[in-house]
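**Q** sequence plus the predicted model coming up.
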Amino acid sequence: MFKLSNLKINYQKDPVGISSVWQIGWQLEADRRGVFQKSYQVQLAEDCDFEMLLYDSDVVDSDESAHVQLDLSAGLLSSMKRYWLRARVWTTQGEESHWQVSSFVTSLLSNQEWNAKFITIETEGDSQESRGFYLRREFSTGKQMKAAYVCSTALGLYHLYLNGKRISTDEMTPGWTSYRKHLLYQTYDVTQEIREGRNVIGAMVGAGWYKGEMGFLHQRNNYGEVAAFSARLAVEYTDGSREWLITDETWCGAFGPILFSEIYDGEIYDARKEISNWSQCECTYMDWMSVHNIDFPEHVLTPQAGCRVREITKVPAKEILTTPEGDTVINFGQNMTGWVNFEIKGYAGARVELNCFEVLDSKGNVYLDNLRKAKATLIYICKDDQAVRYKPNFTYQGFQYVRVKEYPGAVRAEKFTAYAVHSDMEETGTFSCSNQDLNQLHHNIVWGMKGNFLDVPTDCPQRDERVGWTGDAQIFCRTASYLMDTYTFYTKWLRDVAADQTEEGGVPHIVPDFLIGKNVDDWLVSQGAHSAAAWADVAVIMPWTLYLMYGDTKVIRDQYESMKAWICFMQTHAVDHIWNYKLQFGDWVALDAEEGSYFGATPNDLTCTAYYAYSTGLFAKMAAVIGNEEDAVAYRKLYQEIVEKYQSTFFDRTGHLTAQTQTAQIVTLYFGLAPEAYHENVVQDLLKLLKKENGHLVTGFVGTPYFCHALSENGHTEEAYDLLLKDDFPSWLYQVKMGATTVWEHWDGLKPDGTMWSPDMNSFNHYAYGAVAEWLYRVGAGIECDEQTPGFRHFMIAPHIGGRLSFMNVSYRSIYGTIVSDWKTEYGRTTLHIEIPGNTTADICLTGAVQVTECDGLEFISEPGHHGNPKTMTARAVSGSYTICYKEADHVNS
């Protein structure tokens, strides 16, 4: 069996709303080994039968099955139109695949075509309001229609309607961006919704991130004072003609049932104020208001083809309980981000009030303190006695529990359903092992990601924050890219990272940013709202990570000037290559911090300069990747100078770091900053510091992600497993033992006696410390990309057996196909099953003094170890499935 599968365009399946086809890719599947592509053919057509060909590559001799670029001539594609694309391949053994077909819909190919106005019924007098409002326009089609498409967006949030039907399952559109610099719009195929004759197009609009209260400064109108909507409808007829309808003064509007809807505080919906048939021709409402235009720069509009926010997972109510204080509470059994969908049958004026929250307190009562000022409340008011279902429109909550404060009738579990809501990304990683607590930790990490990947990578989803902290995003991006296909999600956000940089190249603490330049009495803003080491370095580390995981140089080219500006910013503000600048978070919330402080004990000069070196070294590599040899040489030189200064500054004469903290040793090892002569000193010091804490970590945001790597890379895999599998405070598994279903902000967010960490900063859904999952994939299972051949075109499978685990089964779906590393061990004998996708190769590395007893056709050779690591047995393998058996040295003769 051999076939081509998973044909994607710009990393998306059947994308709707792309302005160009900048790359396509596919996967080769076979039931035999050694399947390699020899050539391919791609065709593009206006019809699904491919009778109206626009492009034919003919047979191209190439082994590329990812990042395939098509030589499409200018003017070949038109705006707002569906096209069909198909591909087939031939293997080196002469096999030919069937055609694999995909389609795509273009957005506007130029923003000059937009022409539509941003319209609203709000005025400046509504700047303190967060009401929802209707917009509508009636129109007619007079001929036989072939197709119809809409491009739409909002300053705020919107839902699009046609003839009474809501268009698409997208939520929280158009998303959160640096609106005045970068605004997304969505494209929809509405062919089935438009009929010949009279039609109505409409939108419901809300405040959202644009004008609602956002951030710990509790300020409104961060981007504008009125919400607005803009759209362009294209109708294509069978005779080839087209008609356009745009938002302009011919539309009308009215305030509706959404009395209030904001990100933090929830929604108040009064069904008595609904306008019947408001988006249908049958509407008899007469008091429509005139609309007016809002000026907005059209050149910042960008089409969004995929990775939109949707309801992803349905979560039924687990139990209904009564607290000691007498509250009725629904437990969904899973901390999540999203909302509650509920059924109600009451009477005119009857109310439902739900308060969403994360945990019960030590006495089993409702705990709201860690929400700070966020109300996280849903209120629904009935219009009559008919049964209806309701879910909020323009808000979301972070919760596991819901207090039912008001509800007409009996509260029954089947009437309440929660939905996990986040950006729609394909799940690419799976993990299971013999330790159920570790399995639960992986589950918690995945759900922490689900909870904080709602359009932007936020820190937390429940309190009055929920912003794109760059540090959290940086330390988790490699883990995230194993768990899910993050390319589209992250590249969208990186555009805002670049857009929000200061003129000097500084990178904000949060993106999208609304802190820089604010004249407010706030400690963080006054100390410095940008350019903290590890946080700002996301500008370089994330593009590098995406390049490693997907092998695509486009992200490097797109972010190149942003990355270079950040390196130059550090260079400008460094003193003799020692970098530090204004407010630094350092090893944030490390347990070695002074009492009452969030700042860890590792000196800022050290962590800042370590990241300065690390980012500069990565940038030099990326400059070389895209052929900018001048920059590559210059920044390699700068990197060497920074490393030399680091070594002469932070090491004493005996070859030990002057800062004897776990984090200082970790970043020095992981970033490769130790002189070779002192390398083992740093390793031994880390082990001593670990022993001092009885095998526990005391690291924060900077040290924790790399702790297990610093151990396993230097011959101490078992210590890494011991650290990972600790289940008392402080540890990853302590949270699991305490019943966590997501990762917490603090190691002891919930203490053994049931009391809480300080409520001012105690999220129970904070993904950052979940970065340890990267170690499970890269080291535990050993699925590691090759920097010289990124994107897993060639990769390593080098599992590290340990932790008293009897098995570990891990898979990762790369852009070439699914990689599997599945090991089982008993009495020193290990069986390793691996799967290598078509058109790729892998080096299989068996660590330690082992004897291969079953090689499954592979030829293993012995290679020396390095930095305390034992020697390895390595074999090069082509695509296919393999099962290898081997023994440890102590068991060779047993």
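**A** Perfect, I can see it now.

**Q** where do the helices sit along the stretch 301-450 of the chain?
**A** 436-452 (DSSP state H, counting those that start in this stretch).

**Q** ok, residue 187 - how many residues close by?
**A** 25 (other CB atoms under 10 Å). C-beta: built from backbone N, CA, C; applies to glycine.

**Q** what segments of the stretch 751-894 of the chain are strands?
**A** 783-785, 794-797, 807-814, 817-826, 829-847, 850-854, 861-863, 872-888 (DSSP state E, counting those that start in this stretch).

**Q** now do the same for residue 276: helix, strand or coil?
**A** coil (DSSP: H, G, I helix; E, B strand; the rest coil).

**Q** measure it to residue 437 for me?
**A** Per CB to CB, to the nearest Å, residue 276 is found 54 Å from residue 437.

**Q** okay, those two: which has more neighbours?
**A** Neighbour comparison, residue 276 and residue 437: the larger count goes to residue 437, with 15 against 9 (by other CB under 10 Å).

**Q** doesn't residue 534 lie inside a strand?
**A** No: assigned with three-state DSSP, residue 534 falls outside any strand and is coil.

**Q** list the buried residues of the helix or strand of the chain with the lowest mean pLDDT.
**A** In the chain, no helix or strand scores lower on mean pLDDT, DSSP states H and E than helix 523-527, which sits at a mean of 72. Within helix 523-527, the residues that count as buried by 16 or more other CB atoms under 10 Å are residue 525.

**Q** who are the packing partners of it?
**A** Using 3 or more CB pairs under 8 Å, 6 or more residues apart in numbering; DSSP states H and E as the contact test, no helix or strand touches helix 523-527.

**Q** next SSE after it?
**A** helix 538-550 (DSSP states H and E).

**Q** helices and strands around that next one, which ones?
**A** If you count contacts as 3+ CB pairs under 8 Å, 6+ apart, helix 538-550 packs onto helix 470-483, helix 487-499, helix 554-573, helix 604-625.

**Q** CA-only coordinates of it in CSV, if you can.
**A** Listed next in CSV are the C-alpha coordinates belonging to helix 538-550 (Å, rounded to 0.1, in the frame of the first residue of the first chain):
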residue,chain,number,x,y,z
VAL,A,538,10.5,35.3,22.5
ALA,A,539,11.2,37.5,19.5
VAL,A,540,14.1,35.2,18.6
ILE,A,541,13.5,31.9,20.4
MET,A,542,10.0,31.4,19.0
PRO,A,543,11.0,31.8,15.3
TRP,A,544,13.9,29.5,15.9
THR,A,545,11.7,26.9,17.5
LEU,A,546,9.2,27.1,14.6
TYR,A,547,12.1,26.7,12.2
LEU,A,548,13.3,23.6,14.0
MET,A,549,9.8,22.0,14.3
TYR,A,550,8.5,22.8,10.8
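
**Q** that helix versus helix 487-499: what angle between them?
**A** 160 degrees (axes from the mean of the first three to the mean of the last three CA atoms, to 10 degrees).

**Q** mind putting the helices and strands packed on helix 538-550 into JSON lines with mean pLDDT?
**A** Output for the helices and strands packed on helix 538-550, formatted as JSON lines (pLDDT from 0 to 100):
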{"stretch": "helix 470-483", "mean pLDDT": "98"}
{"stretch": "helix 487-499", "mean pLDDT": "98"}
{"stretch": "helix 554-573", "mean pLDDT": "98"}
{"stretch": "helix 604-625", "mean pLDDT": "98"}
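
**Q** from the ones you listed, which stretch is densest packed?
**A** By mean neighbour count, with neighbours taken as mean count of other CB atoms under 10 Å, helix 470-483 ranks first of these at a mean of 26.

**Q** now do it: distance to the chain's middle.
**A** 8 Å (CA atoms, centre = their mean, to the nearest Å).

**Q** turn the strands of the stretch 751-894 of the chain into a markdown table, columns for mean neighbour count.
**A** Formatted as a markdown table, those follow (neighbours: other CB atoms under 10 Å):
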| stretch | mean neighbour count |
| --- | --- |
| strand 783-785 | 23 |
| strand 794-797 | 20 |
| strand 807-814 | 21 |
| strand 817-826 | 19 |
| strand 829-847 | 21 |
| strand 850-854 | 16 |
| strand 861-863 | 11 |
| strand 872-888 | 19 |
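
**Q** per-stretch mean pLDDT over those strands, give me the minimum one.
**A** Between the strands of the stretch 751-894 of the chain, the one with the least mean pLDDT is strand 861-863; it has a mean of 89.

**Q** and residue 199, what element?
**A** strand 197-206.

**Q** might you calculate how far that strand sits from the centre of the chain?
**A** The chain centre lies 32 Å from the centre of strand 197-206; the measure is CA atoms, centre = their mean.

**Q** next, the buried residues of it.
**A** Applying a neighbour-count criterion of 16+ other CB under 10 Å, one finds 199, 200, 201, 202, 203, 204, 205, 206 buried in strand 197-206.

**Q** residue 647: which of those residues is nearest?
**A** For the buried residues of strand 197-206, the residue nearest residue 647 by CB to CB is residue 206; the value is 54.8 Å.

**Q** wait, that closest one touches residue 155, no?
**A** No: using CB atoms under 8 Å, residue 206 makes no contact with residue 155, being 10.8 Å away.

**Q** which SS class is residue 244?
**A** strand.

**Q** from residue 147, how far off is it?
**A** For residue 244, the distance to residue 147 - CB to CB - is 13 Å.

**Q** what about the stretch 701-850 of the chain, any weak spots by pLDDT?
**A** Along the stretch 701-850 of the chain, no part satisfies pLDDT under 70.

**Q** where along the stretch 651-800 of the chain do the helices fall?
**A** Going by DSSP H, counting those that start in this stretch, the stretch 651-800 of the chain shows helices at 662-670, 679-692, 707-712, 717-725, 732-737, 773-775.

**Q** any idea how far the third one is from the chain center?
**A** Okay, so that is helix 707-712. Here helix 707-712 is found 25 Å from its chain centre; the criterion is CA atoms, centre = their mean.

**Q** can you name every helix or strand that that helix contacts?
**A** Counting contacts by 3+ CB pairs under 8 Å, 6+ apart, helix 707-712 packs against helix 662-670, helix 717-725, helix 773-775.

**Q** how about 7 Å then?
**A** Using 3 or more CB pairs under 7 Å, 6 or more residues apart in numbering; DSSP states H and E, the elements in contact with helix 707-712 are helix 662-670, helix 717-725.

**Q** for the record, mean pLDDT for the first one?
**A** So the one you mean is helix 662-670. For helix 662-670, the per-residue pLDDT averages 98.

**Q** ok, and what's touching it?
**A** 587, 590, 600, 602, 606-607, 610, 657, 674, 682-683, 685-686, 689-690, 697-699, 702-703, 706-707, 709-710, 714 (CB atoms under 7 Å, 6 or more residues apart in numbering).

**Q** got the angle for that helix vs helix 679-692?
**A** Using the same axes, to 10 degrees: helix 662-670 against helix 679-692 is 150 degrees.

**Q** the last one now?
**A** Relative orientation of helix 717-725 with respect to helix 679-692: 40 degrees, computed using the same axes, to 10 degrees.

**Q** show residues contacting helix 717-725.
**A** So helix 717-725 is in contact with 435, 438, 687, 690, 695, 697, 707-708, 711-712, 732-733, 772, 800, 802-803, going by CB under 7 Å, 6+ apart.

**Q** if we go to 6 Å?
**A** Residues from elsewhere that reach helix 717-725, judged by CB atoms under 6 Å, 6 or more residues apart in numbering: 695, 708, 711, 712, 800, 802, 803.
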